[in-house]
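**Student:** When you get a sec, could you give me coordinates for this:
(4 chains)
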Protein chains: 2
Amino acid sequence: MRSAALKTAARETSGAARNLEDLVGYRLRRVGALVIKELGGIFGAVGLAPGQFSILMLIGAHPHSSQSDLALLAGVDRSTLVPVIERLLTLGYITRLQNESDRRAYRLQISTAGRRAVEKATPLAESFERRVTKGFAADDKRRLLIALQQIEESLTSAG
Amino acid sequence: MRSAALKTAARETSGAARNLEDLVGYRLRRVGALVIKELGGIFGAVGLAPGQFSILMLIGAHPHSSQSDLALLAGVDRSTLVPVIERLLTLGYITRLQNESDRRAYRLQISTAGRRAVEKATPLAESFERRVTKGFAADDKRRLLIALQQIEESLTSAG
DNA sequence: TATTGTTATACTCTATAACTATA
DNA sequence: TATAGTTATAGAGTATAACAATA
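**Tutor:** The predicted structure follows:
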């Protein structure tokens, strides 16, 4: 029986995607789903799903954005935001005013209640982040963030 | 106006999750969804969704597994597999025989057609993998895979 | 014509709870 | 009792196509 190191070397040189576990795409898909599941419990404390919470934070960071602006920032289609915005309005976490210079569009803004929700959930999110990056040196985390950002760029530019 | 490097340094020392973009959890969620979307077009060539294809590969790599065995390997609930298995059976990509020593369970096996589908999709998956890891040194990719594996372990062990 | 937001629809991924048949 | 597989249901994520209102 060969050692694990040798087997890995054999895989690396084979060039073929024989082992699912060695595919970044496969791992990202699994880990992404896992993160959504875990974050669900965390943001549930303020009545939001993970994606909804991230939109709330984006609105806080980009006041007076339109929904189309937000869609660009979040990397999703405009239509994806409609139920999210509705949820945030229902909970009173954001306000939505007509943009008077362009009455097709809105100006979104986080509310006081929205800020409170963010403040309440932030320590939970930070705790989750520590759990995710447990055992990572600061440099490991930095490199991982850069890698993930690079991948997103590779996948969004030039299909 | 401070430089980007200085702003980054300020963020790192703040300790707070003020910037969504610096959260590994957030990036993983976005990238994971993006990967699913992109892989959808690729595996569509053999009539499968990304998750379905990965189960097909697992069956090929672990002949005579039961559905419960597979659920463990894939990191999902048994119930999640039911429609996947049904799809693979419908396409004739796997066979399912009763386990005679335990008639509650099945023995799953990839079929010739299933192998052909894997062979057809593999170069496409490899091409996607190259696109994902574009600009990555071999070491970068290795580190990324290790990091993702570590994260999955952190998130599955000890809620 | 082009854009903003909306609707209707669909598809991917996942889980929980309760059921059946076997063990 | 416990396990293998199933069903029904739910809820997370996402998109496309077509529409009204406005630019």
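
**Student:** For DNA strand D, what is the nearest residue in chain A?
**Tutor:** Going by Cβ to the nearest atom of the strand, DNA strand D is nearest to A:Gly51 of chain A, at 2.3 Å. For the C-beta atoms, the positions are set from N, CA and C on the backbone; glycine is no exception.

**Student:** residues contacting that residue?
**Tutor:** The contact partners of A:Gly51, by Cβ atoms under 8 Å, 6 or more residues apart in numbering or on different chains, come to A:Ile36, A:Val84, B:Arg29.

**Student:** between the residues you listed, which is nearest B:Leu108?
**Tutor:** Nearest to B:Leu108, judged by Cβ to Cβ, of the contacts of A:Gly51 is A:Ile36 at 27.6 Å.

**Student:** contacting residues around that closest one?
**Tutor:** When contacts are counted by Cβ under 8 Å, 6+ apart, A:Ile36 touches A:Pro50, A:Gly51, B:Arg29, B:Gly32.

**Student:** same check, this time on A:Gly135
**Tutor:** Applying Cβ under 8 Å, 6+ apart, we find A:Gly135 in contact with B:Gln150, B:Ser154.

**Student:** Could you do A:Gly47 as well?
**Tutor:** So A:Gly47 contacts A:Leu91, A:Ala117 (Cβ under 8 Å, 6+ apart).

**Student:** Got phi/psi on it?
**Tutor:** Torsion angles at A:Gly47 (phi, psi; degrees, to the nearest 10) stand at phi 80, psi 20.

**Student:** where's the residue of chain A closest to DNA strand D, which helix or strand?
**Tutor:** In this assignment (DSSP states H and E), A:Gly51 forms part of helix A:50-61.

**Student:** buried stuff in that helix?
**Tutor:** Of all the residues in helix A:50-61, those buried under the rule 16 or more other Cβ atoms under 10 Å in any protein chain shown are A:Pro50, A:Gly51, A:Gln52, A:Phe53, A:Ser54, A:Ile55, A:Leu56, A:Met57, A:Leu58, A:Ile59, A:Gly60.

**Student:** pLDDT score for the closest residue to chain B within chain A?
**Tutor:** Closest to chain B within chain A is A:Gly32: 1.4 Å, counting by Cβ to the nearest Cβ. Looking at A:Gly32, its pLDDT is 97.

**Student:** what's the answer for A:Asn19, then?
**Tutor:** We have a pLDDT of 86 for A:Asn19.

**Student:** do the one 5 residues further on as well
**Tutor:** pLDDT recorded at A:Val24 is 97.

**Student:** My read is that it contacts B:Arg131, right?
**Tutor:** No. Using Cβ atoms under 8 Å, A:Val24 is not in contact with B:Arg131, being 10.3 Å away.

**Student:** So between these two, which is more surrounded?
**Tutor:** Ranked by neighbour count (other Cβ atoms under 10 Å in any protein chain shown), A:Val24 and B:Arg131 place A:Val24 first, with 20 against 15.

**Student:** contacting residues for the spatially closest residue to the more buried one that is not a sequence neighbour?
**Tutor:** Distances taken as Cβ to Cβ, 6 or more residues apart in numbering or on different chains place B:Val132 nearest to A:Val24, at 5.2 Å, with adjacent residues excluded. By Cβ under 8 Å, 6+ apart, B:Val132 lies in contact with A:Val24, A:Gly25, A:Leu28, A:Ile151, A:Ser154, A:Leu155, B:Val35.

**Student:** These in helices, which ones?
**Tutor:** A:Val24, A:Gly25, A:Leu28, A:Ile151, A:Ser154, A:Leu155, B:Val35 (DSSP state H).

**Student:** In JSON lines, list the residues you listed along with distance to DNA strand C.
**Tutor:** Below are the ones in helices among the contacts of B:Val132 laid out as JSON lines (distance: Cβ to the nearest atom of the strand, whole Å):
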{"residue": "A:Val24", "distance to DNA strand C": "16"}
{"residue": "A:Gly25", "distance to DNA strand C": "11"}
{"residue": "A:Leu28", "distance to DNA strand C": "11"}
{"residue": "A:Ile151", "distance to DNA strand C": "18"}
{"residue": "A:Ser154", "distance to DNA strand C": "20"}
{"residue": "A:Leu155", "distance to DNA strand C": "16"}
{"residue": "B:Val35", "distance to DNA strand C": "9"}
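
**Student:** ok, which of those residues also contact DNA strand D?
**Tutor:** Among these, not one lies near DNA strand D by Cβ under 7 Å from any atom of the strand.

**Student:** Weed out the non-buried ones from the residues you listed.
**Tutor:** If you count burial by 16+ other Cβ under 10 Å, the buried members of those come out as A:Val24, A:Gly25, A:Leu28, A:Ile151, A:Ser154, A:Leu155, B:Val35.

**Student:** just for chain A, where's the confidence low?
**Tutor:** Applying pLDDT under 70 to chain A picks out residues A:1-17, A:158-159.

**Student:** Residue numbers of it in contact with DNA strand C?
**Tutor:** Neighbours of DNA strand C within chain A, by Cβ under 7 Å from any atom of the strand: A:29-30, A:33, A:37, A:66-69, A:78-79, A:81-82, A:85, A:102, A:104-106.
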